[in-house]
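K.L.:
Structure for the following, please:
(chains A, B and C)
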Amino acid sequence: MELTAQTRKTMTLNLTETEMGTLDDLSARKDISKTAVLRQALRLYQMIEERLARGEKLYFEQDNGKDKAELMML
Amino acid sequence: MNLQISRERLRERILKEPDYEVEAGLPIRDFEVLSIFVPNDLASIGNANVREMSLAFGSLIRLSRRRERLSVEQLADKARIDLVELLAIEQEHGYIPKPRTIHQLATFLKLPEQKLMKLSGATITRDQQLQTAAVHFAAKSNSALTKLSRQEEELLNDFVKYLSEHEDQKH
Amino acid sequence: MKTLIGTFDLLNRLTGKFEDAQLYRGLDAKNLGDFEEKWRPLFEERRRRARPEELLEANLQDAHWDWTRKAALWGNLLAYEAFSVEVEALTQGLMYVNKTRLSRVAGQQGAPLIYVELLATAPWNRHGITEKPKYKGVGQILTQAAISLSIEEEFKGRVGLHSLPQSESWYREVLGMIDLGPDPHYQNLKYFEMTAEQAERLIK
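P.N.:
Numbers count the residues shown, from 1 in each chain, chains lettered A, B, ... in the order given. A predicted model of the protein is given here:
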């Protein structure tokens, strides 16, 4: 017996050509469908929002260990 | 989601494979508060009195702080916890604090940590006696005065004694 | 929200017979209650009996608070999912996974995978805790769940995790995962990954 966790809903997106191009690129790079790319983006966005709300900070850091980490999103 | 492997094949694997330990991530036995993994609403479903207990927790911290003659800032500083969170604990109904904060407060104020975890809502509990005692304590405590009245002092001492001695109720 | 994926089998080592076990996607208050009331006391008892050299996990105390802070996010975010295994409504195993991490394996770096944040079995099933561990197969069922989820998410069966020291043989030999060595960002626990090819072999 298998129960579907949640039913799915369909949404139409309005994206520019460039945006669609980016979506295609990411889909090819990650070897996952465009829907899967957007799902990942949603998960990441929600996670970032939640952690920022808890007072955490998001940084990008260079691999060389010298350059200062760049604060993102604030 | 379906499991890709068939039931029969899975059974065969389990029968034939070596008998090893399988733990991954951090050892779960070091977790004190598994309930933090659960959606906030579900955590409250597990304990209908979480709000009342949370009030008791706030009162307990506030009275204990005042017994030490400390301001909110001073306690936050000495216990090395976030000031905003301490204010939320004392003033915000139903705020569930971070486990580390509870640990720091328990250590600094010399209160039983596991009981505090349950009172604060950080851990789920079904201990009816604890809930009842907490509700009574919350109802009687108040924050009108800066120095603890003798009544407040007695009330606080009684509740802390209860927490220290109370045996966990298992259901 | 908890949904039943299916009924499978666990081997009862004491009787030598298989018993029905339910695999669920999600956790509920019952699982938490089992952890609090049934698992914890046994872990604590074992801890009290342990000799100091056995408590290597005590070194992970500092990491503990980072962990609880991290884990506080799990229940509320899309990125995380839980799985549980039960026999007659008693929790035998738990697993939490993260869907946003990427592969570190050369040649497929950046490929998304299912990262296992936590995989744990009940103390009565563990050799390290009791002389007569009961059910065998909880780890196998949960790992299969991680692989199946990975396939469902289009991650081709790729799975990553940090193994506790006592479990390295399981991940390396039984599951055939690649050992990428101690991770300095994770208390030097060894980081393992399963490739799509290996996943394919395991589901057959």
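K.L.:
Only C-alpha atoms from now on, for both contacts and neighbour counts.
P.N.:
Fine.
K.L.:
any idea where the helices of chain A begin and end?
P.N.:
Secondary structure of chain A (DSSP state H): helices at A:17-30, A:34-53.
K.L.:
how big is the angle separating the last one from helix A:17-30?
P.N.:
Taking axes from the mean of the first three to the mean of the last three C-alpha atoms, to 10 degrees, helix A:34-53 and helix A:17-30 form an angle of 90 degrees between their directions.
K.L.:
separation between residue C:86 and residue C:27?
P.N.:
11 Å (C-alpha to C-alpha, to the nearest Å).
K.L.:
and these two? which has more neighbours close in?
P.N.:
residue C:27 (25 against 19; other C-alpha atoms under 10 Å in any protein chain shown).
K.L.:
can you give me phi and psi for the more buried one?
P.N.:
Per-residue torsions, residue C:27: phi -130, psi 160 (degrees, to the nearest 10).
K.L.:
Name the residues of chain B found near chain A, please.
P.N.:
B:1-2 (C-alpha under 8 Å from any C-alpha of the partner chain).
K.L.:
swap in chain C?
P.N.:
By C-alpha under 8 Å from any C-alpha, the residues of chain C that approach chain A are C:2-6, C:73, C:77-79, C:99-100, C:110-112, C:153-155.
K.L.:
Mean neighbour count, mean pLDDT and distance to chain B added to the helices of chain A, as a markdown table?
P.N.:
Shown next, in a markdown table, are those (neighbours: other C-alpha atoms under 10 Å in any protein chain shown; pLDDT from 0 to 100; distance: least, C-alpha to the nearest C-alpha, whole Å):
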| stretch | mean neighbour count | mean pLDDT | distance to chain B |
| --- | --- | --- | --- |
| helix A:17-30 | 14 | 96 | 22 |
| helix A:34-53 | 15 | 92 | 13 |
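K.L.:
Now distance to chain C too, for these, in a markdown table please.
P.N.:
Converted to a markdown table, the helices of chain A look like this (distance: least, C-alpha to the nearest C-alpha, whole Å):
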| stretch | distance to chain C |
| --- | --- |
| helix A:17-30 | 6 |
| helix A:34-53 | 5 |
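K.L.:
Could you dump these into CSV with distance to residue C:16 added?
P.N.:
Shown next, in CSV, are these (distance: least, C-alpha to C-alpha, whole Å):
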stretch, distance to residue C:16
helix A:17-30, 45
helix A:34-53, 43
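K.L.:
of the residues of chain C next to chain A, list those near chain B.
P.N.:
Near chain B, by the rule C-alpha under 8 Å from any C-alpha, you find C:5-6, C:73 out of the residues of chain C next to chain A.
K.L.:
Now the buried members of these.
P.N.:
Neighbour-count burial (16 or more other C-alpha atoms under 10 Å in any protein chain shown) is assigned, among those, to C:5-6, C:73.
K.L.:
after the helix or strand of chain B with the lowest mean pLDDT, next one along is what?
P.N.:
Lowest by mean pLDDT, DSSP states H and E among the helices and strands of chain B is helix B:40-45, with a mean of 46. Using DSSP states H and E, the helix or strand that follows helix B:40-45 in sequence is helix B:50-67.
K.L.:
In strands only, show me the buried ones among the ones next to chain B among the residues of chain C next to chain A.
P.N.:
Under the assignment DSSP state E, these contribute C:5-6 to strands.
K.L.:
tell me which of the buried ones among the ones next to chain B among the residues of chain C next to chain A is nearest to residue A:33?
P.N.:
Nearest to residue A:33 among those: residue C:5, at 24.3 Å, using C-alpha to C-alpha.
K.L.:
separation between that closest one and residue C:24?
P.N.:
According to C-alpha to C-alpha, residue C:5 stands 5 Å off from residue C:24.
K.L.:
And for residue C:156?
P.N.:
From residue C:156 over to residue C:24 the distance is 21 Å, taken as C-alpha to C-alpha.
K.L.:
likewise residue B:51?
P.N.:
Distance from residue B:51 to residue C:24, by C-alpha to C-alpha: 30 Å.
K.L.:
Also residue C:98?
P.N.:
Counting by C-alpha to C-alpha - residue C:98 and residue C:24 are separated by 17 Å.
K.L.:
Residue B:5 now?
P.N.:
Residue B:5 is 16 Å from residue C:24, where distance means C-alpha to C-alpha.
K.L.:
out of the two, which sits in the busier spot?
P.N.:
residue C:24 (21 against 18).
K.L.:
what secondary structure does the more buried one sit in?
P.N.:
Three-state assignment for residue C:24 (DSSP: H, G, I helix; E, B strand; the rest coil): strand.
K.L.:
coming back round to it: mind checking which of the residues of chain C next to chain A are buried?
P.N.:
C:3-6, C:73, C:77-79, C:99-100, C:111-112, C:153-155.
K.L.:
Can you tell me the number of residues neighbouring residue B:163?
P.N.:
Residues near residue B:163, counting by other C-alpha under 10 Å: 20.
K.L.:
And for the nearest residue in space to residue A:62 that is not next to it in sequence, the neighbour number?
P.N.:
Nearest residue to residue A:62, sequence neighbours excluded (C-alpha to C-alpha, 6 or more residues apart in numbering or on different chains): residue A:69, at 6.8 Å. For residue A:69, the neighbour count with other C-alpha under 10 Å is 13.
K.L.:
Now for residue A:69: which residues touch it?
P.N.:
Contacts for residue A:69 (C-alpha atoms under 8 Å, 6 or more residues apart in numbering or on different chains) come out as A:59-62.
K.L.:
if we go to 10 Å?
P.N.:
Listed by C-alpha atoms under 10 Å, 6 or more residues apart in numbering or on different chains, the contact partners of residue A:69 are A:58-63.
K.L.:
returning to what we had before: need the overlap of contacts for residue C:86 and residue C:27.
P.N.:
The contact lists of residue C:86 and residue C:27 share residue C:94, where a contact means C-alpha under 10 Å, 6+ apart.
K.L.:
Can you tell me the centre-most residue of chain B?
P.N.:
By C-alpha atoms, centre = their mean, the mean C-alpha position of chain B lies nearest to residue B:117, the distance being 1.8 Å.
K.L.:
roughly how far apart are it and residue B:103?
P.N.:
Remark: distance between residue B:117 and residue B:103 (C-alpha to C-alpha) = 8 Å.
K.L.:
next one: residue C:89
P.N.:
Counting by C-alpha to C-alpha - residue C:89 and residue B:103 are separated by 33 Å.
K.L.:
These two: who's more crowded?
P.N.:
residue B:103 (20 against 12).
K.L.:
Now for the residue nearest the centre of chain A: which residues touch it?
P.N.:
Nearest to the mean C-alpha position of chain A, by C-alpha atoms, centre = their mean, lies residue A:41 at 2.1 Å. Applying C-alpha under 10 Å, 6+ apart, we find residue A:41 in contact with A:35, A:47, C:100.
K.L.:
Within its local environment, how many residues does the closest residue to residue B:17 other than its chain neighbours see?
P.N.:
The shortest distance from residue B:17 to any residue other than its chain neighbours is 7.0 Å, reached at residue C:174 (C-alpha to C-alpha, 6+ apart). A count of nearby residues for residue C:174, using other C-alpha under 10 Å, gives 16.
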